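1. kindly return the folded structure for what I paste below:
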Amino acid sequence: MRIDASSQCQPATFPSSISYLRPVFFYNSSMKLSDLATHLGATLHGDPDAEVTSAAGLEDARPGQLTFVANPRYTPLARTTQATAVLVEPTFGPIAAATLRIGNPYLAFAHALELLYQAPTYAPGIHPTAVIAPTAQIGPEAHIGPYVVIGDHAVIGDHATLLPHAVVYPHAQIGSHFFAHAHAIVRERCRLGDHVTLQNGAIVGADGFGFAHYDAPTPDGPAWHKILQTGVTVLDDHVEIQANSTVDRASIGETHIHTGVKIDNLVMVGHGSSVGTNTLLCSQVGLSGSTHVGKNVILAGQVGVAGHLTIGDGAIATAQTGIPSDVAPGATVSGYPAIDNRNWLRSVALFHRLPEIIRELRQKSKE
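-> Numbering: from 1, shown residues only. Next up, the predicted model:
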């Protein structure tokens, strides 16, 4: 059944068969290591009847908990951990705890979390305080929480979950399995694919930062004229945007986030930019307008990118890199202005020796 709201600018009313229910939490009490190994496809070294009930980090893990080692630098902690079991690579040495050996322990740990803990589920229904335009269309099995607002002609696919104060502007088009946490916003005419997740405060389609300077501004008048942002933002399938990040709409055309992109907290994607498939934008990354980022790129925390440039497929920029020009596919860059990471490491090592080098040069000049 597709739900069409029956009133505008008032709390919507719905058939009595559709009721709003509180979220339901499910916790698994325990899991034997033999069962866990089977689920993960791991090789177990240890007691198959031992049980784990939760997960923790290496240093904090206690008996009854699962942990993992994905970085060799933490190997010493694995030897002293109190965890019942540790996910490790196949060649990892023997330790006191039971080991679950698998090629990608970090990914296996992510899957194990899904087995040991299930996130809250939200039953279908519409809260009476939600305000839904009469022309909006919402697919079946939707959960619409308190004070959600959905505008005219908005379309939301099946199995959507909109938590309190989420807002969908008019004419937005959203696919199935949409999940909007509290205070997430999708602006007018933006298009979202299937399985899109917006964390708290994420904003899709805010106005791009476009202003034209007046040739002769008056002393008391405005110096800048706002450029109407007529474009949209498009998110493809399986995109996740985390808390308080923004993806601006284009002034003309579209800002496009391709399939599988993951955007961390406090990221800014400028208008008219594009981000390629399966790219990661880590916390506080900033993309100026008309930046084109390829697929499988990683921009680490606080990377800043000037506008109107291209970052090639598979490139990596380490934390706090400033990128003023194009980056070649597969390159790893660091520093500002961005240079090859190996050159940057050598430069940083040399920088600390500059006082010593200067003293040596002065001494030689006196000889």
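
2. measure the nearest residue to S176 once chain neighbours are set aside to D194 for me?
-> The shortest distance from S176 to any non-neighbouring residue, by C-beta to C-beta, 6 or more residues apart in numbering, is to G157 (3.6 Å). C-beta: built from backbone N, CA, C; applies to glycine. Here the criterion is C-beta to C-beta, to the nearest Å. By it, G157 lies 7 Å from D194.

3. these two - which one has more neighbours?
-> More neighbours sit around G157 than around the other of G157 and D194, counting by other C-beta atoms under 10 Å; the figures are 21 against 17.

4. retrieve the pLDDT associated with that one.
-> pLDDT, G157: 97.

5. so who does it touch?
-> With contact set as C-beta atoms under 8 Å, 6 or more residues apart in numbering, G157 has these partners: G139, I174, G175, S176, H177, F178, D194.

6. same question, Q229
-> Q229 makes contact with D207, G208, G210, D248, R249, A250, S251, H271, according to C-beta under 8 Å, 6+ apart.

7. returning to what we had before: filter the contacts of G157 down to the buried ones, PyMOL style.
-> Provided next is the PyMOL selection string for whichever of these are buried by 16 or more other C-beta atoms under 10 Å:
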select buried, resi 139+174+175+176+177+178+194
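
8. tell me the one of the contacts of G157 nearest E114?
-> Lowest distance from E114 to the contacts of G157 (C-beta to C-beta) belongs to H177, with 16.0 Å.

9. wait, that closest one touches H195, no?
-> Yes - at 4.7 Å, H177 counts as touching H195 under the criterion of C-beta atoms under 8 Å.

10. can you tell me which of the contacts of G157 is nearest A317?
-> Proximity of the contacts of G157 to A317, judged by C-beta to C-beta, is greatest for D194, which lies at 29.5 Å.

11. find the least confident helix or strand in this structure, judged by mean pLDDT.
-> Of all helical and strand segments in the chain, the minimum by mean pLDDT, DSSP states H and E falls on strand 3-4, at a mean of 49.

12. in space, what's closest to L115 - neighbours in sequence excluded?
-> H39 (5.9 Å).

13. so what's I257 bridging to?
-> Partner residues in beta bridges with I257: L235, V275, with DSSP bridges as the criterion.

14. residues contacting T230?
-> With contacts taken as C-beta under 8 Å, 6+ apart, T230 has the following neighbours: A250, S251, I252.

15. quick one, which of those residues are buried?
-> A250, S251.

16. walk me through the domains of the chain.
-> Partitioning the chain according to automatic domain parsing yields domains covering residues 26-120, 184-367.

17. and those domains: which comes nearest V168?
-> When the domains of the chain are compared for distance to V168 using C-beta to C-beta, the nearest one is domain 184-367, at 4.9 Å.

18. that closest one - what's its average pLDDT?
-> Computed over domain 184-367, the mean pLDDT rounds to 94.

19. ends of it, how far apart?
-> Between the opening and closing residues of domain 184-367 lies a distance of 69 Å (C-alpha to C-alpha, to the nearest Å).

20. then stretch 262-274?
-> The first and last residues of stretch 262-274 sit 13 Å apart, counting by C-alpha to C-alpha.

21. same question for stretch 158-173.
-> 12 Å.

22. so which bits of stretch 279-287 are buried?
-> By neighbour count, with 16+ other C-beta under 10 Å as the criterion, the buried positions of stretch 279-287 are T279, L280, L281, C282, S283, Q284, V285, G286, L287.

23. distance between that stretch and the chain's centre?
-> 9 Å (C-alpha atoms, centre = their mean, to the nearest Å).
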